[in-house]
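quick one, structure for this:
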Amino acid sequence: MSEHPVGMKLGPAFFVLAVTGGVLGAFGTALLGQSAVRAADERAAVEKTIRQYFRGDVERDVASLERAFHPRAELLTAGADGELEVLTQASWHTDVRATPDRERPEPEIVSVDIHGKAAMAKTRLTFAAGRFTDYLSLLKLDGGWVIVNKIYHWEQW
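Numbering: from 1, shown residues only. Predicted coordinates:
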């Protein structure tokens, strides 16, 4: 038996516990570290998809939009009359092709929330005359992140 500096007698069970706790603690820390790395990797992958969307919108590049969005994704907003407006990707792509010289907005990722294979991102595209705020729903499908839905709002200055 060893004596603790405060005078307590410490038996072999204490040392087994201390060593085991240290090993388990190190293992737990390693697992937490791996988890943090995985979370950072997932966030980077989600942000890469969002930047692909930004590239397509800012540079008027439909191919980039097609890589960022799932083929069945829709773009939704509340119309001036308060009714749901649905913009299909085909219509959006036609608009993008028709406006190659449109002002280039300033893109911004405001927030990203990821849980498992689902993510939600808030983004902004700011123009001289106003700003689009987007809420993007993303899913990890076939090993990659894609935007499956976009809800947006235009705010005129």
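
mind telling me what element the residue nearest to residue 72 when sequence neighbours are not counted is part of?
Excluding the flanking residues, the one nearest residue 72 by C-beta to C-beta, 6 or more residues apart in numbering is residue 148, at 7.4 Å. Heads up, the C-betas are built off the backbone N, CA and C, glycines and all. Using DSSP states H and E, residue 148 sits within strand 144-156.

from residue 82, how far off is the closest residue to residue 39 other than its chain neighbours?
Nearest non-adjacent residue to residue 39, counting by C-beta to C-beta, 6+ apart: residue 114, 7.3 Å away. To residue 82, residue 114 is 32 Å away according to C-beta to C-beta, to the nearest Å.

same check, this time on residue 40
Counting by C-beta to C-beta, the gap from residue 40 to residue 82 is 41 Å.

looking at these two, which one has more neighbours?
residue 40 (10 against 6; other C-beta atoms under 10 Å).

sec struct for the more buried one, please.
With DSSP: H, G, I helix; E, B strand; the rest coil as the basis, residue 40 sits in helix.

any chance you could map the strands in this structure?
Assigned by DSSP state E, the chain shows strands spanning 2-3, 9-10, 69-78, 84-87, 106-115, 118-126, 130-141, 144-156.
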